[in-house]
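Participant: Here's my sequence, what's the structure:
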Amino acid sequence: MDRREALRRISVLMGGAVSATTVSGILGGCRVGPQTEPFTPATLSGDQNELVATIAELIIPETDTGGARTARVNEFIDKMLTDWLSADEKNRFLAGLSNVDAAAVEAGGVTFVDLSTDAQTQILTGLEEARVEWRQRVASGEADPREMPFFEMIRELTIAGYYTSEIGASQELKYEIVFDSYEGDVPYSEIGRAWS
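Facilitator: Below is the predicted model:
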């Protein structure tokens, strides 16, 4: 699958809206290379990297295929932060990570990665509700689409990193070059997952 096709698929998954930064990063070749050595983040601290990996795994958990952590989405996000995001976007993203940890300390007295999965999910649910509200304000012209909140950023980068990885592109999505015939009424249990 080439980068343009990956971008088209990500756009469909995101409801047609992908930021210019993510588009330029994908088309510019931002991806995670082979894992020959232990990963050392260039922009994120070690704690921030683990926080990103934890949030990404909650967004795309492991099922019968690997999740965001297995696809090394945290490495993709660090590369995007280092090479593609503007200083303003990077600062907003890093501030969002700090806010997530602050919310976790307020809710449970520990950092986000040390909270229970239920407590983590509750925090992310609140961020998702704020993200949806922001999207509605953008649609009505009341908010600037370039000022996307942290959860919109990490969600977009997680989806982009996952579906441009080998796991997301070739294991999660089925790839069918040619359909032999049209069958309009096929039970979902026979399909198994979405077609790419």
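
Participant: any idea which residue sits dead centre in this structure?
Facilitator: Thr158 (1.3 Å; CA atoms, centre = their mean).

Participant: how far away is that residue from Phe76?
Facilitator: 9 Å (CB to CB, to the nearest Å). In this view, the C-beta of every residue, glycine as well, is placed from N, C-alpha and C.

Participant: With Arg135 instead?
Facilitator: 23 Å.

Participant: ok, the two, which is more surrounded?
Facilitator: Taking neighbours as other CB atoms under 10 Å, Arg135 and Phe76 compare with Phe76 leading, 25 against 17.

Participant: Which elements pack onto the host helix or strand of the more buried one?
Facilitator: Using DSSP states H and E, Phe76 sits within helix 73-83. Using 3 or more CB pairs under 8 Å, 6 or more residues apart in numbering; DSSP states H and E as the contact test, the elements touching helix 73-83 are helix 20-27, helix 46-59, helix 87-108, helix 150-163.

Participant: Of these, flag the one that's most buried.
Facilitator: Mean neighbour count, computed with mean count of other CB atoms under 10 Å, is highest for helix 150-163 among those, reaching a mean of 24.

Participant: Centre of the chain to that helix, how far?
Facilitator: The chain centroid and the centroid of helix 150-163 are separated by 2 Å, computed with CA atoms, centre = their mean, to the nearest Å.

Participant: Toward the C-terminus from that helix, list the very next helix or strand.
Facilitator: Taking DSSP H and E, what comes next after helix 150-163 is helix 166.

Participant: Not counting its own residues, what contacts that next one?
Facilitator: Ala71 (CB atoms under 8 Å, 6 or more residues apart in numbering).

Participant: Quick check: mean pLDDT of it?
Facilitator: The predicted model assigns helix 166 a mean pLDDT of 80.

Participant: Give the buried residues for stretch 119-128.
Facilitator: Using 16 or more other CB atoms under 10 Å as the test for burial, stretch 119-128 gives 119-120, 123-124, 127.

Participant: Average pLDDT for that stretch, rounded please.
Facilitator: 96.

Participant: go on, stretch 72-85?
Facilitator: 92.

Participant: pLDDT-wise, which helix or strand of this protein ranks last?
Facilitator: Least confident helix or strand of the chain, by mean pLDDT, DSSP states H and E, is helix 3-13 with a mean of 49.

Participant: any chance of the helices and strands packed on helix 73-83 in a markdown table, plus distance to Pro38?
Facilitator: A markdown table is the format used below for these (distance: least, CB to CB, whole Å):
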| stretch | distance to Pro38 |
| --- | --- |
| helix 20-27 | 23 |
| helix 46-59 | 11 |
| helix 87-108 | 21 |
| helix 150-163 | 19 |
